[in-house]
Every structure is written in structure tokens, then in C-alpha cells.
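Visitor: build me a model:
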Amino acid sequence: MKSKSAWLLVAFTVASVLAAVLIPAFPQPTDYHDFADKRGLLGVANFLDVATNAAFVLAGFAGLAILWMRRSNFERPSECIPYLVFFVGLGLTGVGSAYYHFAPDNERLFWDRLPMTIAFMSLIAAQIAERIDIRAGLALLAPLLVIGMASVVYWIATERTGAGNVVPYAVLQAYAVAAVLLIAVTQRSRYTHGSDIYWVFGAYLAAKVLEHFDREIFAFGRVMSGHSLKHLAAAVAGILVCRMLSRRSLATEPQRPRVRIQ
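Guide: Just a heads-up that it's a prediction; the model follows:
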């Protein structure tokens, strides 16, 4: 089963690489930076879009605290490394996203997306380590991080030359989410509460929906925009990872891949 999961992941990776290369180049849409809620407060422009990023920082610190206090929840101490990188990336996403939303443009968006790829790719490595092979997950962590960050560097480099191409980054983000889901569906976790990863996926999906309906949600009462709520939903995904790690233990029998929190 592990071999089958590994080969499926390899095939999906190859397909994603081909998509990133073959899909025609597409620049970052200029209207992407035109968010619904532009209200300022306390001298901070776009206040809620900026302030809600504190949730990422808090989730990142919570995760680091859990790793520090609950190392026994890993069969091997080295298994915590991908999660350590994940929570660092999550916290840095809050900082980078707040910086971006204060004055949205492509240059600032780079600092939002760069730490996001750190979080995405390290979560893939973590799932490989606990569901397929520990050594493979740890060995792939650095290459995955390099590839993820390279997609963002490539995007901003092409934007600066006037021939922007956001396709590789977009494909990578979709790949990261789908890869985690693929690994979870095809391979059981060695830990209890491994199926909690589906709730993480659900929170991420909710964040994307909220982002898409940014203006419609803001128009409904003008309390918060969809994008501000997206930050909170995405941070909840990080909190759910914290919850999974704090509650789990090594299973006597691997968990079946199903959506359920025990």
C-alpha cells in the first residue's frame, strides 16, 4: 500500500510539473489587489485585512509551543522537523500578509506568498513522513521548500520584466493541497487522530470560498469582508493542526483514512 501511495504521488507530481510548464503564461491580474474593505483605523490602512493576520501569528506560536511541550507524540524526534517548519511558515505568513495588505501591490505580495509556500510544502513532507516513510519525508523537506519558494521567486522575476507568469505558483498551491489530500486518502497514519487532516483541508477550502466572495460578504452589513474572514479561516486550519498534534499518540493499528475527530 505504501508503494502504491508513493507511486501515485510521483505520478501526480509529474503531472503537476507538466501543467506548470505547458499551461500558457498568465500575469498576476492587476485587480487582484483591489480588496473590498479599504477602511482604515488607528492610522493603519485596510485595517481588518491587516489585523486579521495576527491569527496566523498566534496559530504559529501555538504550534511551536505544542512541539516544545509534546515531543513524545512523535515516534522519532526528527519527525517534528516538518511541523516545526510548518508553524514557522504559518507565523511568517501572518507577518508577510499584514505587510502586503497595508499597501497591496505585486512587490509586497511576494512577501505574502513566500512564507505560504513554506507552510504548504512542509505539510506535504510531514504527511509523507507519518504516512509513507519517515526518511523520505525528512529527505524531501528541503527540496520541497526550495521548489515552493522558487515558484514565488520566478513569479516576481517575470513580473519585474513585464512578462508576468503566475501559473507555476498557482499550480504549486493547488498541488500542495491536493498532494496532502491524496496522501491522506491512500495511506493510513501511524498516529491516532490522523483523520483530523480532513478538517484542515475543510478549513482551507472555506478560506478559498470566503476569498472568492470578498465583495459580496462585505456588502452584507459591511462588517467584515470575505478576505478578512479568509485569513481567520486559514488560521483555523493551522489551529486544527495544533489540535491534531496535541491529542495524538502512536496508534497500535494505523488509522483508516476517514473524516472523523475522535
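Visitor: any idea which element the closest residue to residue 129 other than its chain neighbours lies in?
Guide: Residue nearest to residue 129 in three dimensions, not counting chain neighbours: residue 137, with 2.6 Å by CB to CB, 6 or more residues apart in numbering. (Each C-beta comes from the backbone N, C-alpha and C, glycine too.) Using DSSP states H and E, residue 137 sits within helix 134-160.
Visitor: next one: that helix to chain centre, how far?
Guide: With CA atoms, centre = their mean, to the nearest Å as the basis, helix 134-160 stands 13 Å off its chain's centre.
Visitor: gap between whichever helix or strand comes after it and the chain center?
Guide: Going down the chain from helix 134-160, the next helix or strand is helix 167-186, by DSSP H and E. Mean-position distance between helix 167-186 and its chain equals 10 Å (CA atoms, centre = their mean).
Visitor: start the count at 20, not 1, going forward
Guide: Sure, I'll start numbering at 20, so the last one becomes helix 186-205.
Visitor: what comes up buried for helix 186-205?
Guide: 186-192, 194-196, 198-203, 205 (16 or more other CB atoms under 10 Å).
Visitor: swap in stretch 226-244?
Guide: Within stretch 226-244, the residues that qualify as buried are 226, 229-230, 232-233, 236-237, 243-244, counting by 16+ other CB under 10 Å.
Visitor: determine which two of those residues are furthest apart.
Guide: Within the buried residues of stretch 226-244, two members stand farthest from each other by CB to CB: 226 and 237, at 15.8 Å.
Visitor: pLDDT below threshold where in this structure?
Guide: Along the chain, the model assigns pLDDT under 70 to residues 20-21, 90-91, 271-281.
Visitor: on that earlier part again, ok, now which ones touch the residue nearest to residue 148?
Guide: Under the criterion of CB atoms under 8 Å, 6 or more residues apart in numbering, the contact list for residue 156 reads 98, 101, 144-149.
Visitor: which of these are buried? Put it as a PyMOL command.
Guide: Here is the PyMOL command that selects the buried residues among the contacts of residue 156 (16+ other CB under 10 Å):
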select buried, resi 98+101+144+145+146+147+148+149
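Visitor: want to try a markdown table for the contacts of residue 156, with secondary structure and distance to residue 133 as columns?
Guide: Shown next, in a markdown table, are the contacts of residue 156 (DSSP: H, G, I helix; E, B strand; the rest coil; distance: CB to CB, whole Å):
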| residue | secondary structure | distance to residue 133 |
| --- | --- | --- |
| 98 | helix | 25 |
| 101 | helix | 18 |
| 144 | helix | 17 |
| 145 | helix | 19 |
| 146 | helix | 22 |
| 147 | helix | 22 |
| 148 | helix | 23 |
| 149 | helix | 26 |
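Visitor: host element of residue 256?
Guide: Counting by DSSP H and E, the element that carries residue 256 is helix 245-266.
Visitor: for that helix, name the packing helices and strands.
Guide: helix 66-70, helix 73-88, helix 99-121, helix 216-231, helix 233-238 (3 or more CB pairs under 8 Å, 6 or more residues apart in numbering; DSSP states H and E).
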